[in-house]
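> Let's see this in three dimensions:
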Amino acid sequence: MAVRVGILGATGAVGQRFIQLLEDHPTFELAALTASESSAGKTYKEAAKWRVNTPIPEDVAEMTVTETTPEAVPDGVDLLFSSLPSGVAADVEPGFLEEGYVVSSNSSNDRMAPDVPLTIPEVNPGHLELIEVQREERGWDGALVKNPNCSTITMVPTLAALDQFGLENVNVSTLQAVSGAGYSGVTSMEIIDNAIPHIGGEEDKMETESRKLLGDFDGAELHLHEMDVAASCNRIPTLDGHLENVFAETTEDVSPEEAAEAMREYPSVDLHSSPDQLIHVFEDPGRPQPRMDRERGDGMQISAGGIQKTADGLKYNCLAHNTIRGAAGASVLNGELLVEEGYL
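Okay, the predicted model is just below:
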């Protein structure tokens, strides 16, 4: 039986990715599209300036966009995917939750709230149990689940694979694609023949979200991982795909071969959008590369390579598609986990 879903903020860059990923999805039936007041009442093809590299699905093109209010969502919708700007989402999402909707959100607000699951299904599916704490503390029937920032989600699966060796300190420098800033986030005059060594708020997200994702939930409270994380985030002129240089210090001595094996063998999950192998490890030290490797596993696989020994641990590179695995795809995967675990 299909689960009827809606998209909050459907006309933006991530909203368009949601539509692309939900086309022909075996579980989800797209039944609602919301956007700003200026778009409400228009057909989707009139409201959205389509920029994804596949055509708008014909049935979606003719759907009517509504305002982003609970009253505007048609009956029978069980799950909402949110791609709203974080400032808007902070004001809007609670109204849907109070009305009983389950929201799988890519928006950055509330990711670090102690009662909100921040989830990568292959890494910390048990954190969904925070929903019961959330419902009790907030007094609503709905549920809010967040996926992490697009740069955090690139690195954390590789760290999860290495955590068995005792992660102590992690330093990371990112080379992030322009699509991570949205269509109008970085102008061509800023980024062509250039690199920008600062992305507002990004470093803090990587440093805090990674510790929450790898933390332990004791049934009542989530305890952050004790590792220290320091991030330097940089924008470069690639379209899609965040490449990251990671330096991980471990308590145990670990060889590059052991690290590569741990990443290759790190388990995936039996959900539609999760790749069969979560982390692909390249032997070629010149890989992964954004243009060559961002589409692996339909954009949902993590790639790693260049694993080398350091005095205190390891250094390596990792890559993921930032608008698929790092945004819309992550929310869809969380939605699949919510269905699997019976939260709808």
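> who's in contact with residue 164?
Shown here is residue 164, whose contacts under the criterion Cβ atoms under 8 Å, 6 or more residues apart in numbering are residue 262. From N, CA and C alone the C-beta is placed, and that goes for glycine too.
> What are the boundaries of the helices in the stretch 101-250 of the chain?
With DSSP state H, counting those that start in this stretch applied, the stretch 101-250 of the chain shows helices at 130-138, 152-162, 188-191, 202-213, listed in chain order.
> Residue 290: which of those helices is closest?
When the helices of the stretch 101-250 of the chain are compared by Cβ to Cβ, helix 152-162 sits nearest residue 290, at 11.0 Å.
> mean confidence score for the closest one?
Taken as a whole, helix 152-162 carries a mean pLDDT of 98.
> Next, the angle helix 202-213 makes with it.
If you take axes from the mean of the first three to the mean of the last three Cα atoms, to 10 degrees, helix 152-162 sits at 40 degrees to helix 202-213.
> ok, and what's touching helix 152-162?
Outside helix 152-162, the residues that reach it (Cβ under 8 Å, 6+ apart) are 120, 122-123, 147-148, 167, 170, 172, 174, 205-206, 209-210, 213-214, 242, 244, 246, 248, 250, 254, 259, 262-263, 265-266, 278-279, 302, 304, 314, 316, 318-320, 322, 325-326, 330.
> what do you get if the cut-off is 7 Å, keeping everything else the same?
Around helix 152-162, the neighbours that count as contacts under Cβ atoms under 7 Å, 6 or more residues apart in numbering are 120, 122-123, 147-148, 167, 170, 172, 205-206, 209-210, 213-214, 242, 244, 246, 248, 250, 259, 262-263, 266, 278-279, 302, 304, 318-320, 325-326, 330.
> Low-confidence regions, the chain specifically.
Screening the chain residue by residue with the criterion pLDDT under 70, one finds the ranges 1.
> go with 90
Within the chain, the stretches falling below the threshold (pLDDT under 90) are 1, 53, 182-185, 344.
> Break it down into its domains, please.
3-149+327-340, 152-321 (automatic domain parsing).
> Would you mind measuring the gap between the ends of the first one?
What that stands for is domain 3-149+327-340. The separation between the terminal residues of domain 3-149+327-340, taken as Cα to Cα, to the nearest Å, is 12 Å.
> Please report how far residue 38 lies from residue 10.
13 Å (Cβ to Cβ, to the nearest Å).
> picking up where we left off before, now mean neighbour count and distance to residue 292 too, for the helices of the stretch 101-250 of the chain, in JSON lines please.
Written out in JSON lines, the entries for the helices of the stretch 101-250 of the chain read as follows (neighbours: other Cβ atoms under 10 Å; distance: least, Cβ to Cβ, whole Å):
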{"stretch": "helix 130-138", "mean neighbour count": "17", "distance to residue 292": "38"}
{"stretch": "helix 152-162", "mean neighbour count": "26", "distance to residue 292": "16"}
{"stretch": "helix 188-191", "mean neighbour count": "12", "distance to residue 292": "20"}
{"stretch": "helix 202-213", "mean neighbour count": "22", "distance to residue 292": "24"}
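> right, so of the ones you listed, which gets closest to residue 68?
The stretch from the helices of the stretch 101-250 of the chain with the least distance to residue 68 (Cβ to Cβ) is helix 130-138; that distance is 20.1 Å.
> Which strands or helices does the closest one pack on?
In this structure, helix 130-138 makes packing contacts with strand 143-146, judged by 3 or more Cβ pairs under 7 Å, 6 or more residues apart in numbering; DSSP states H and E.
> how about a cut-off of 10 Å?
If you count contacts as 3 or more Cβ pairs under 10 Å, 6 or more residues apart in numbering; DSSP states H and E, helix 130-138 packs onto helix 86-98, strand 143-146.
> and those as a markdown table, adding mean neighbour count and distance to residue 106?
Output for those, formatted as a markdown table (neighbours: other Cβ under 10 Å; distance: least, Cβ to Cβ, whole Å):
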| stretch | mean neighbour count | distance to residue 106 |
| --- | --- | --- |
| helix 86-98 | 18 | 9 |
| strand 143-146 | 26 | 8 |
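> Would you reformat those as CSV and include distance to residue 221?
Compiled in CSV, these are given as follows (distance: least, Cβ to Cβ, whole Å):
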stretch, distance to residue 221
helix 86-98, 21
strand 143-146, 17
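> Which one of those lies nearest to residue 188?
helix 86-98 (25.2 Å).
> Could you pull up the residues touching residue 307?
Listed by Cβ atoms under 10 Å, 6 or more residues apart in numbering, the contact partners of residue 307 are 158, 246, 254-260, 263, 281-283, 285, 314-318.
> Go again with 6 Å.
By Cβ atoms under 6 Å, 6 or more residues apart in numbering, the contact set of residue 307 is 256, 259, 260, 316.
> cool, and residue 270?
With the criterion set at Cβ under 6 Å, 6+ apart, residue 270 makes contact with nothing.
> So it: helix, strand or coil?
When the structure is split into helix, strand and coil by DSSP: H, G, I helix; E, B strand; the rest coil, residue 270 lands in coil.
> From residue 299, how far off is it?
19 Å.
> Show the end-to-end separation of stretch 297-306, please.
As for stretch 297-306, its first-to-last residue distance stands at 20 Å under the measure Cα to Cα.
> Flag every buried residue along that stretch.
Using 16 or more other Cβ atoms under 10 Å as the test for burial, stretch 297-306 gives 297, 299, 300, 301, 302, 303, 304, 305, 306.
> I'd say the second one and residue 322 touch.
So that's residue 299. No: applying Cβ atoms under 6 Å as the test, residue 299 and residue 322 come out as separate, 9.3 Å apart.
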